[in-house]
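Trainee: no FASTA, just this:
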């Protein structure tokens, strides 16, 4: 079992930066691929970024456009999403997800999910 708790969301102005954190508990964290998703009001959940457990594979959605960076610290059981140049359209609830296979994460079929953290970007 892996439990995930997101933090770091908030209200910021367009052009600002935020770093989201996801704290994971469970003995198998280092063997899990991790991902960040988001869901805006009235829209479907979409993947933002994913990272393999051995860090050599990273995936980013097209809309990220080099503005976001996913990283992880297996020693601390943490995964991060550094978001720069935020836009109003980035407003959403951001979720952390974990699964042994990065392919399942990129398909939105991760086994474990956090409860989310709200990110609001004002214009």
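Mentor: Nice, thanks for sending it over. Remember, predicted model here, so these are calculated numbers, not experimental data.
Trainee: and residue 95, what does it touch?
Mentor: Applying Cβ atoms under 8 Å, 6 or more residues apart in numbering, we find residue 95 in contact with 6, 36-39, 45, 113-116. (Glycine included, C-beta is placed from N, CA and C.)
Trainee: strands along this protein, start to end?
Mentor: For the chain, the strands defined by DSSP state E cover 3-7, 10-13, 18-25, 33-39, 46-51, 58-60, 68-73, 78-83, 92-99, 112-113, 117-122.
Trainee: list the buried residues of the second one.
Mentor: Under the neighbour-count criterion of 16 or more other Cβ atoms under 10 Å, strand 10-13 has residue 12 buried.
Trainee: ok, now the first one?
Mentor: Going by neighbour count (16+ other Cβ under 10 Å), the buried part of strand 3-7 is 4, 6.
Trainee: just want the angle from it to strand 33-39.
Mentor: For strand 3-7 against strand 33-39, the angle by axes from the mean of the first three to the mean of the last three Cα atoms, to 10 degrees is 50 degrees.
Trainee: each with direction, which strands does strand 3-7 pair with?
Mentor: Neighbouring strands of strand 3-7 in its sheet, by DSSP bridges, are strand 18-25 (antiparallel).
Trainee: return the distance of the strand it pairs with from the chain's centre.
Mentor: Put simply, strand 18-25 sits 8 Å off its chain's centre (Cα atoms, centre = their mean, to the nearest Å).
Trainee: what does it rub up against?
Mentor: The list of residues contacting strand 18-25 from outside it, by Cβ under 8 Å, 6+ apart, reads 2-10, 12, 32, 34, 36, 77-83, 86, 94, 96, 98, 114, 117, 119.
Trainee: pLDDT value on residue 55, please?
Mentor: Predicted confidence (pLDDT) for residue 55: 69.
Trainee: again with residue 74
Mentor: Per the predicted model, pLDDT is 89 at residue 74.
Trainee: report the contact partners of it.
Mentor: 29-30, 53.
Trainee: which among the contacts of residue 95 gets closest to residue 58?
Mentor: For these, the closest approach to residue 58 (Cβ to Cβ) belongs to residue 36, at 11.3 Å.
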